[in-house]
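Participant: just to be clear, the model below is a prediction. Sequence and coordinates:
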Amino acid sequence: MQAELIDIRNHLQQHAPFNGLPDEALDRVAGSIEIAYFRAGEKILELGQTNTDLHYIRSGAAELYRRSGELYNRLGEGEIFGQIGLLMGRQVRFPATALEDTLVYLIPYPVFQDLFDNHDVFADFVEVEDKSRLRQAVTRADQTNDSMTAKVSRLISRQPVTAPSTVRLQEAARIMTDNRVSSLLLVEGSGDDEGNLVGIITDRDLRTRAVADALPSETPVADIMSPDLITIRPDALVFEAMLQMLHNNVHHLPVIEKGKPRGVVALSDIVKYESQNSLYVVSNIHRQPDVKGLKAISEEVRNSFIRMVSEDANSHMIGSAMAGIGRSFTQRLLELGEEKLGPPPVPYCFLALGSMARDEQLIVTDQDNAMVLDDSFNPAEHDEYFLALAKFVSDGLAECGYTYCSGDIMATNPKWRQPLKVWKEYFTDWIDNPKAEALLNSNIFFDLDGVYGEERYAEALKELIAEKAQNSQRFLALLARNALNRTPPLGFFRQFVMEEDGKQQKTFNLKRRGTAPVSDLIRVHALACGSRAQNSFDRLQDIGKTRLLPEDGVGNLRDAMEFIAIVRIRHQALAMEDGREPDNNVRPEDLSPFERSHLKDAFQVVSQAQKFLRYRYNAQIPR
Amino acid sequence: MSTRREASGGAHLPSGDWPEHMSSLAEEASDARLKAFYEAFCMKPDTPMEEVPMVAMDFETTGLEPDQHSIVSIGLVPFTLNRIRLAEARHWVVRPQLPLHQTSVTIHGITHTDIEEAPDLGDILDELLPALAGRIPVVHYRAIERPFLDVALQWRLKEGIDFPVIDTMAIEAHLHPDRNPTRWQRLWGKKPVSIRLADSRLRYNLPHYPGHNALIDAIGTAELLQAQVRHHFGPDTPVRDLWL
């Protein structure tokens, strides 16, 4: 390259994928460029024509079209096109037209080929499959996140301290003190069964169950041990252990391998690992004596959210942690409500719906909940109590930042405060006699989870849904049709969001146009394959075991979901750090070039998945 | 030959006469290199612009007067209406005959050492003339490159040089005949239209090149001509309409 071409080289160097190239390679590119000018409206590449150059827009803008004539992409300064054709027989795949007066730098095929062969950064970028690029982005993000890849086994620092379950309280306390542990595993059995775990006692058990009740020191530990063991495998992820604790509000998890204890993971181990995290918030929530205290804590929720983002947690982890926190608020409010109103007259189950049930909750969220009452429920006698309880919880949640549901899907609504048999009728009707309009409003009920009380009621409903939904083609078709209501944008162009019809917007909603369409379509497939999972990633796993989706469809959707969700999460964290109120509206100028290009890929995956959904369930597009 | 040199306006030669003029110069020329240069000229006045091989050319000089100032650097890039080929771009720094005055224009990016070590223009003619041969030079402001080269060759070869050029600045001047507002218009806030290279380029959405050197300006001139022809003339325009 002539040294005088430095201006041209410098421009290339500011844009991907050229920014990743070494100087000598860039020099070679700059020295080989041919330049061409196109007037607005002029065709740059025509379908089927032979193309021998990579096109780089130096100034102006161009539009690419699909074979069908649909708009494929709109590109501005520093963006490239023509690479797909170059990699596939040098035939133009996406015809291009100048949108404005445009100056194009053309990089000849031999130079392109050389870059492709010798520079991975370049090859990865121009790779035909947009989806594989997305996969790399998601994987790279995961690798930086320790708690995602770290296994529970890494937290085990010593052999488990065990004792026979026949041991007396005093002896147990002595063993724990001698070994400086806060929990003791109790084992039984002989021969092959020797050392089988039967229970656990902890410092807290000794305090609250033994000392507080002044039990004699000769009492067998079996009398106070927790026999319903919640355990974890050594190859489980650290964050799964954290979720287990969150979910069950326990502080110790025995680690079990092939039926034998290998160690114990304590909350403090994870805390050490994860510095401050959402577990603090959860345990704090359960200690609050009143709504005022809970409200005070809700600020900490935001801090813990921001911290998880800055520690590069993935969306699954953050969504679960936030949902865990939301559940804890709900549980504590129900406890406080029962303290105030007295014990419930009949058993009930409090349901979380939507994102909380899916373990995909973020910061900006409204409350969606319901109550399933025992079938012995008698409205005249009992409803006053449950209305008061529902109102207490709902108002409390609103105080803590979970705004009232605008669609009135809350337990305060008598329609959503019904005995189990009525709920079964609701679901049976939705599935057996589906109506598009009605389904649109009841979509949210198909993500449900029991958070308090008789959780078996929630399980019974999940069972009913899983069994019925997969056999109702009409229901699935209508659900699929509703899932197509919200579509992702086509991509970005300068500071605009671009729609499929070429219209441009200044901002877009990353929930409505991003995560919601994905979770909607995953729900349809999940119901079709009889999955009982609620979380989108778990549902995808179930879908993957069937042949419902074309090959790699599951992986692509998972990547798209993860990427869109994490951008949405980062966007909210950033707003809070700047002292702004977080929301879901994103302006393209707020996105990094990395986020822009991968979001575009993710949107494409979603768009294709929607097309497949329409075809698979024979769902006509409404409109 | 310098008698035919004109300032900036007006025709150098009646537009259809160039082929004949070039062939008579070929006969008159005594330097073999110049003879070859003239003989390579084979353009007909009717040749459509789309088929015309061109070469954008820019000089940096120590001043604006060919008789008093010298060439410091030369940038060339061959091109057509469809492609500007950087792989064949050339750039030379040449040693000026007259010393660089403190007062003379700043030559961007060229150091005194560069100039002291640079060859004389006479030493690069073997490369320069073939690079121009068979192509129409395109310049922005024709009162510089052609007259400076003419004078430089007079000095060294005792014979000058002549050839048609396309002048992108003259095209802009032609497109904006009323570019200087009257006093009344100025009173109402009307701004003069600049036909300098950088300003003209902006009107065609061409990028700003921050660096200044003869090669990047030659490339800028080539891009400007591509844009001008696409916007105002069309690829079928005969070259006679544009060469001067």
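Facilitator: Received, thanks. For clarity, every value in this text was computed on a predicted model and none was experimentally measured.
Participant: how's chain A carved up into domains?
Facilitator: As given by automatic domain parsing, the domain ranges for chain A are A:3-128, A:470-623.
Participant: among these, which is nearest chain B?
Facilitator: domain A:3-128 (3.8 Å; C-beta to the nearest C-beta). For every residue, glycine as well, the C-beta is placed using N, CA and C.
Participant: touching chain B at all, that closest one?
Facilitator: Yes - Domain A:3-128 reaches chain B (C-beta under 8 Å from any C-beta of the partner chain) through A:3-8, A:11, A:30-39, A:42, A:58-60, A:100-103, A:106.
Participant: buried sites along stretch A:504-519?
Facilitator: Using 16 or more other C-beta atoms under 10 Å in any protein chain shown as the test for burial, stretch A:504-519 gives A:F508, A:N509, A:L510, A:K511, A:R513, A:G514, A:T515, A:A516, A:P517, A:V518, A:S519.
Participant: repeat that for stretch A:69-82.
Facilitator: A:L71, A:Y72, A:N73, A:R74, A:L75, A:G76, A:E77, A:G78, A:E79, A:I80, A:F81, A:G82.
Participant: residues from chain A in reach of chain B?
Facilitator: A:2-8, A:11, A:30-39, A:42, A:58-60, A:100-103, A:106.
Participant: for ChimeraX, what selects the buried ones among these?
Facilitator: Typed into ChimeraX, the line below selects the buried ones among those, using 16+ other C-beta under 10 Å:
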select /A:2,4,5,6,7,8,11,30,31,32,33,34,35,36,37,38,39,58,59,60,100,101,102,103,106
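Participant: related to what we said a few turns ago, so of the residues of domain A:3-128 next to chain B, which ones are in strands?
Facilitator: A:E34, A:I35, A:A36, A:Y37, A:F38, A:R58, A:S59, A:T102, A:L103, A:L106 (DSSP state E).
Participant: JSON lines for these, including pLDDT and distance to A:S157?
Facilitator: Shown next, in JSON lines, are these (pLDDT from 0 to 100; distance: C-beta to C-beta, whole Å):
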{"residue": "A:E34", "pLDDT": "97", "distance to A:S157": "64"}
{"residue": "A:I35", "pLDDT": "97", "distance to A:S157": "64"}
{"residue": "A:A36", "pLDDT": "97", "distance to A:S157": "66"}
{"residue": "A:Y37", "pLDDT": "97", "distance to A:S157": "68"}
{"residue": "A:F38", "pLDDT": "97", "distance to A:S157": "66"}
{"residue": "A:R58", "pLDDT": "96", "distance to A:S157": "59"}
{"residue": "A:S59", "pLDDT": "95", "distance to A:S157": "61"}
{"residue": "A:T102", "pLDDT": "96", "distance to A:S157": "63"}
{"residue": "A:L103", "pLDDT": "97", "distance to A:S157": "63"}
{"residue": "A:L106", "pLDDT": "97", "distance to A:S157": "61"}
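Participant: wait, which of those residues is closest to A:A619?
Facilitator: A:T102 (40.0 Å; C-beta to C-beta).
Participant: which residues does the closest one contact?
Facilitator: A:Y37, A:F38, A:A40, A:I44, A:I57, A:S59, A:G60, A:A61, A:A62, B:N205 (C-beta atoms under 8 Å, 6 or more residues apart in numbering or on different chains).
Participant: for the residue lying closest to it once chain neighbours are set aside, grab phi and psi.
Facilitator: Nearest non-adjacent residue to A:T102, counting by C-beta to C-beta, 6 or more residues apart in numbering or on different chains: A:G60, 2.9 Å away. Here is the backbone geometry of A:G60 (degrees, to the nearest 10): phi 90, psi -160.
Participant: cool, and A:I224?
Facilitator: phi -120, psi 0.
Participant: what is the burial count for it?
Facilitator: Counted with other C-beta atoms under 10 Å in any protein chain shown, residues neighbouring A:I224 total 18.
Participant: distance of A:H251 from A:H286?
Facilitator: Relative to A:H286, A:H251 is positioned 11 Å away (C-beta to C-beta, to the nearest Å).
Participant: returning to what we had before: most widely separated two among the ones in strands among the residues of domain A:3-128 next to chain B?
Facilitator: A:E34 and A:S59 (15.8 Å).
Participant: interface residues of chain B facing chain A?
Facilitator: Checking chain B against chain A by C-beta under 8 Å from any C-beta, the hits are B:75, B:79, B:82-87, B:89-91, B:109, B:204-207, B:209-211, B:213-216, B:219, B:222-223, B:226-227, B:230-231.
Participant: same thing but at 6 Å, please
Facilitator: Within chain B, the positions adjacent to chain A are B:82-87, B:89, B:91, B:204-207, B:209, B:211, B:213, B:215-216, B:223, B:226-227, B:230 by C-beta under 6 Å from any C-beta of the partner chain.
Participant: contacts for stretch A:198-208?
Facilitator: A:165, A:182-186, A:188, A:221, A:224-227, A:252, A:254 (C-beta atoms under 6 Å, 6 or more residues apart in numbering or on different chains).
Participant: by pLDDT, give me the weakest of the residues you listed.
Facilitator: The lowest pLDDT within these belongs to A:P227, with 73.
Participant: and the closest residue to A:G453 other than its chain neighbours, how many residues sit next to it?
Facilitator: Computed as C-beta to C-beta, 6+ apart, the closest residue to A:G453 that is not its neighbour in sequence is A:C349, at 4.4 Å. Neighbourhood size, A:C349 [other C-beta under 10 Å]: 23.
Participant: for B:A87, see how far away A:C349 is.
Facilitator: Distance from A:C349 to B:A87, by C-beta to C-beta: 75 Å.
Participant: can you check B:V239 too?
Facilitator: Distance from B:V239 to B:A87, by C-beta to C-beta: 25 Å.
Participant: those two: who's more crowded?
Facilitator: It is B:V239, of B:V239 and B:A87, that has more neighbours when counted by other C-beta under 10 Å, with 22 against 13.
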